[in-house]
Every structure is written in C-alpha cells, then in structure tokens.
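A.B. asks: Provided below for reference: sequence and predicted model.
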Number of protein chains: 2
Amino acid sequence: MSTVYVVGLGPGAEEQMTVRAQKVLEHCPVLIGYNVYIDLVKEQFPDKIFLSTPMRKEPERCRMAFEEAEKGQDVAMICSGDAGVYGMAGLIFEIGKEYPEIQMEVVPGITAASGGAAVLGAPLMHDFAVISLSDLLTPWETIEKRLHAAGMADFVICLYNPSSKKRADYLQKACDILLQYRDVGNICGYVKNIGREGETYQILSLKELRDTKVDMFTTVFIGNSRTMELNGRMVTPRGYKL
Amino acid sequence: MSTVYVVGLGPGAEEQMTVRAQKVLEHCPVLIGYNVYIDLVKEQFPDKIFLSTPMRKEPERCRMAFEEAEKGQDVAMICSGDAGVYGMAGLIFEIGKEYPEIQMEVVPGITAASGGAAVLGAPLMHDFAVISLSDLLTPWETIEKRLHAAGMADFVICLYNPSSKKRADYLQKACDILLQYRDVGNICGYVKNIGREGETYQILSLKELRDTKVDMFTTVFIGNSRTMELNGRMVTPRGYKL
C-alpha cells in the first residue's frame, strides 16, 4: 500500500525543515509541488522524480500525487511552511476519498506564524488569531468579521497573504478595522522572505503599518494591547512576575 | 559575545525537531530547561552540561541561562513545541534587558497546533484562533472574551492547556460558551501526547467534547462550521472547487 505524504518544508531555508520531513523526502522517489517549492529542494535531493503544476491547479496537483502513488510508489506533496496551515493537507484528504487504497500522512513544518515570530522576537506569547487576507477562496465579509472579532478580543493577530497586486489596499482595510479597537500606537511587525535570501523585518505602530505597502511574501503581526518593543524586538508578555 | 538560544523541540519526538534546532543543541555546551524537556534530549546529546529548575521557576531559569552565557559560553534554553508560542522566548527577551552583552536568538519548533493538526488530519486549513485555558497568568474573563469572539466569528479554535487538576471543568465551560454560537454537532478533535509514547486522538462533536475529560497533555481542536469528518480524519475545507 502506497502513501502520499503532505510535507511542510518550513519557511524556506533547508535548516528549518524537521528531521522527519527530511527523512520522508529522502524516502519518497517522487516529489510533487508548486515549481517554487520544487526548486527549493531540487539541489538537496537531486535523484528524485520531480513533478509540478502551476499555481491555482491545486486539485490537479493532488490527483497527480495519487496517480503516482497508484503506480506503487510513495509520493511526497511538498508545501512551504506547514502543509497543515492553509496548505495542501486538506485538499489531499478531500481528494483522497477517490483513492481509498492510498494512505495519507501529514508531516508538519514550521508555519510562517512561528517562523516570523522568531525573527521579530516573541509576539506569540499569548492567545493569537491567524487570518488570511486572501479573498480568492473566502468572502471578504467573512475576513472582516474575523478581523473585528480578533481586534475586539485583544488577540495577537498574524496575517497571512496580506497583499497582492489585485488586493493592494487589503492590509490598509484590515488596519482600519483594527484601529476601531486598538490604539494607533499598538505595536506591530512584519517579516518579508522568512528564512530566505532577503529576509527583512520591521517593527512599527499600527498607524504606521496602515500606511505601509507589503508584498505577498510578507507575514504581518499585530500585537495585543500589552505587546512591547524591547530593544528592537517585538515582545508580548505572558504575564510572569519578573 | 555569547548567545542564549531559545529552542523549540517540537512535539516530543526527536524527529519533529528542525535541523536548525538540532545543530544549535549540538553547538551549545549548556542546555537549560524544565526537567521533563531535559530528559527528552539527554540521550541524544549526552556530553552537555544540563541545568534545570522546577515548574513555575521560569524567571529563575532564564537568569540561570544568562549567567551561564556570561561565563563566555553559548546556552540553549529548551522548550517543548515552539519556544515562541506560550513558551520561554518572551521571558528571555524581558530578562535579557538586564544582560545587554548577551545575544538572544529564537529557534522555532513545531507547536502543538501544527503537530496535533497533522495527527487529526487537516483542521487548520482556514483562519484559526489559539487560546490557552490556563488562568494561571491570565484572568478568566479575558479567556472568556476570546472564546466568545472566536466562537462568533467562526474561527477554527485550538485550545492549549485545556485542563488541569485545579481546572477540571474549564473545557466544559469553554464548550458551553462555544455552544452559544455553534451547532452541537460541530466537528471537534483532541490529541493526547502528540509525538510521544501513548499518542492517541479522537474526533467527536462539540456536544461530546463538552462531556469529555481531558488532561494537561492534550490539545483540543474545535472546527469551524464547515469542518468535516472524512474517513476518520478532521478536515476543514479551504474552499477549492474539486
């Protein structure tokens, strides 16, 4: 019985992969993924069969994985970050219904919330909400409702997909919602290209974040009301008495 | 200049550590942590100096790390899961102010939300909120406010520290709040001992979860209104057309 593994590579750099993920990639003869991710692992695992489909062909990519597995070989579907956080794991299980003889296993990776937090300092020391600003698959009304709820309840907030060419003002819209509940000085941060060449980060106020342009390779963090800037790091206190 | 690394081990198993975390532990002569986590790495890294303090002595443990670093050696403060999610990273930066000559770096790990999700299937395919039910450092009113917000806005919810001896009915209280917004049949799941011996999981309804006793080694997942049980797995659809 063959297995389709859904493997999270972590945030870009080879060293951010887990030992388990590395072993699974070593084990599987076939690696499937979006071109950009295949390029990330090609050098490290040169003797594999690499298959890919373009962006927005995700269901096709999953079926390709199962069809390769039906030939009797184990297959790794690779994703950046964690395959289980806005990744391909869900689609694999949904499409896996059509292939009852193939096993499925998720191999978790470091998601951008964890990877970005480590770069900024320690913003996720307290309750947090992860929200994607992409309305490709989600109505904007749902995204707005979640921004209101997270803003109101003083969650630390981590925004995935904060911007794209078509959605240049979505981060601004999100900040405007949060400014209904938070001070203009609320500490925020963003990290671009986590774990990759060109990694940069910035700590700034919610007001400044509102007027900042970020790209689709950026992860944004909005602190809660107690988040501080501490020697250039973004730190949310857990509440310990020092 | 010495460095205090704050290292997340991932959810228990050696293989769930990142390659980077493993290299940092190999590099540092001194490893500091809560006893249980020290025991997890002792076999793998036998030639280290191991230091620890009991639970609830977290500030003392951080100062111990900086004092060892002041002797001119690099130190790893180890945590289970991700040091940056309810972990020691924040406290290290807060106490690090007292030791300006010591550098600090967070090495992220797989947090229980990612590790548990992979065991259950794919519950975190959409926006999610992470909430700790421990009121040791947080007023219960704040926790309740966040449960209401997350329930109302249809977030997938991941609960850390869902129970302890003193807080035996907190999960029940949390479910009662969520039942104000969600159907009794809302798909939920929990994972006990993620990545460790005795790992078990269960998928069940919100009503059933309300009447379930879990322990402090358990991570609980409450799906959103679209989360399904699919061949024994908990899957939240991302919204792709199949």
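C.D. replies: Looks like it came in fine. Numbering: from 1, shown residues only, chains lettered A, B, ... in the order given.
A.B. asks: what about stretch A:155-163, average pLDDT?
C.D. replies: Mean per-residue pLDDT for stretch A:155-163: 96.
A.B. asks: Alpha carbons only: can I get that stretch in CSV?
C.D. replies: Coordinates of each C-alpha in stretch A:155-163 appear next as CSV, following Å, rounded to 0.1, in the frame of the first residue of the first chain:
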residue,chain,number,x,y,z
PHE,A,155,-5.8,38.7,20.3
VAL,A,156,-2.3,39.0,18.9
ILE,A,157,-3.1,38.7,15.2
CYS,A,158,-1.0,37.1,12.5
LEU,A,159,-2.0,38.0,8.9
TYR,A,160,-1.1,35.6,6.0
ASN,A,161,-1.3,36.8,2.4
PRO,A,162,-1.6,40.4,3.4
SER,A,163,-1.4,41.8,-0.1
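A.B. asks: Contacts for that stretch, please.
C.D. replies: Residues external to stretch A:155-163 that are found in contact with it (CB atoms under 8 Å, 6 or more residues apart in numbering or on different chains): A:86, A:112-113, A:116-117, A:123-124, A:126-134, A:147, A:150-151, A:170-171, A:174, A:178, A:190, A:213-216, A:218-224, A:227, A:236, B:129, B:146, B:149. No exception for glycine: its C-beta is placed from N, CA and C like everyone else's.
A.B. asks: Out of these, which end up buried?
C.D. replies: Neighbour counting with 16 or more other CB atoms under 10 Å in any protein chain shown marks A:86, A:112-113, A:116-117, A:123-124, A:126-134, A:147, A:150-151, A:170-171, A:174, A:178, A:190, A:214, A:218-224, A:227, A:236, B:129, B:146, B:149 as buried within the contacts of stretch A:155-163.
A.B. asks: In chain A, where is pLDDT below threshold?
C.D. replies: Where chain A drops to pLDDT under 70, the residues are A:13.
A.B. asks: what does the domain assignment say about it?
C.D. replies: A:3-110, A:113-235 (automatic domain parsing).
A.B. asks: What are the boundaries of the strands in chain A?
C.D. replies: Counting by DSSP state E, chain A has strands at residues A:3-8, A:30-33, A:49-51, A:75-79, A:103-107, A:121-122, A:128-132, A:156-160, A:187-192, A:200-205, A:218-222, A:228-230, A:233-235.
A.B. asks: From one end of stretch A:39-54 to the other, what's the distance?
C.D. replies: 13 Å (CA to CA, to the nearest Å).
A.B. asks: same check, this time on stretch A:12-20
C.D. replies: By CA to CA, one end of stretch A:12-20 lies 16 Å from the other end.
A.B. asks: How about residues contacting it?
C.D. replies: By CB under 8 Å, 6+ apart, stretch A:12-20 touches A:9-10, A:40, A:44, A:80, A:107-110, A:115, A:193-196, B:10, B:13-20, B:22-23, B:108, B:110.
A.B. asks: That stretch: how far from the chain's middle?
C.D. replies: 15 Å (CA atoms, centre = their mean, to the nearest Å).
A.B. asks: What residues sit buried inside that stretch?
C.D. replies: Buried, per 16+ other CB under 10 Å, within stretch A:12-20: A:12-20.
A.B. asks: again with stretch A:54-68
C.D. replies: Quick answer for stretch A:54-68 (16+ other CB under 10 Å): A:58, A:61-66, A:68.
A.B. asks: try stretch A:171-181
C.D. replies: A:171, A:173-175, A:177-179, A:181.
A.B. asks: now, which of these sits nearest chain B?
C.D. replies: A:Tyr181 (10.5 Å; CB to the nearest CB).
A.B. asks: can you map out the helices along chain A?
C.D. replies: Here chain A has its helices, by DSSP state H, at A:19-27, A:35-42, A:58-70, A:89-96, A:112-120, A:140-152, A:170-178, A:206-210.
A.B. asks: Of those, which is nearest B:Met1?
C.D. replies: B:Met1 lies closest to helix A:112-120 among those, at 19.6 Å (CB to CB).
A.B. asks: quick one: contacts of that closest one?
C.D. replies: Residues contacting helix A:112-120 (CB under 8 Å, 6+ apart): A:10-11, A:16, A:81, A:85, A:123-124, A:128, A:130, A:158, A:160, A:189-191, A:194-195, A:199, A:201, A:203, A:219, A:221, A:233-234, B:8, B:82-85, B:89, B:106-111, B:114.
A.B. asks: just to revisit the earlier point, ok, and of the buried residues of stretch A:54-68, which contact chain B?
C.D. replies: Among the buried residues of stretch A:54-68, the residues within reach of chain B (CB under 8 Å from any CB of the partner chain) are A:Glu58.
A.B. asks: picking that back up, highest mean neighbour count out of the strands of chain A?
C.D. replies: Comparing the strands of chain A on average neighbours per residue, with mean count of other CB atoms under 10 Å in any protein chain shown, the densest one is strand A:121-122 at a mean of 30.
A.B. asks: Quick one: residues contacting the residue nearest to A:Leu51 when sequence neighbours are not counted.
C.D. replies: Using CB to CB, 6 or more residues apart in numbering or on different chains and skipping residues adjacent in sequence, the residue nearest A:Leu51 is A:Ile32, 4.6 Å away. Counting by CB under 8 Å, 6+ apart, A:Ile32 touches A:38, A:50-52, A:61, A:64-65, A:68, A:75-78.
A.B. asks: Return the member of the buried residues of stretch A:54-68 nearest to A:Tyr240.
C.D. replies: Distances from A:Tyr240 to the buried residues of stretch A:54-68, taken by CB to CB, are shortest for A:Glu58, at 42.9 Å.
A.B. asks: close enough to count as contact, the closest one and A:Gly87?
C.D. replies: No. With contact defined as CB atoms under 8 Å, A:Glu58 does not reach A:Gly87; the gap is 10.0 Å.
A.B. asks: ok, back up a step: rebuild the strands of chain A as a markdown table, extending it with distance to B:Leu209.
C.D. replies: Shown next, in a markdown table, are the strands of chain A (distance: least, CB to CB, whole Å):
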| stretch | distance to B:Leu209 |
| --- | --- |
| strand A:3-8 | 26 |
| strand A:30-33 | 35 |
| strand A:49-51 | 40 |
| strand A:75-79 | 29 |
| strand A:103-107 | 22 |
| strand A:121-122 | 31 |
| strand A:128-132 | 21 |
| strand A:156-160 | 25 |
| strand A:187-192 | 34 |
| strand A:200-205 | 38 |
| strand A:218-222 | 30 |
| strand A:228-230 | 36 |
| strand A:233-235 | 34 |
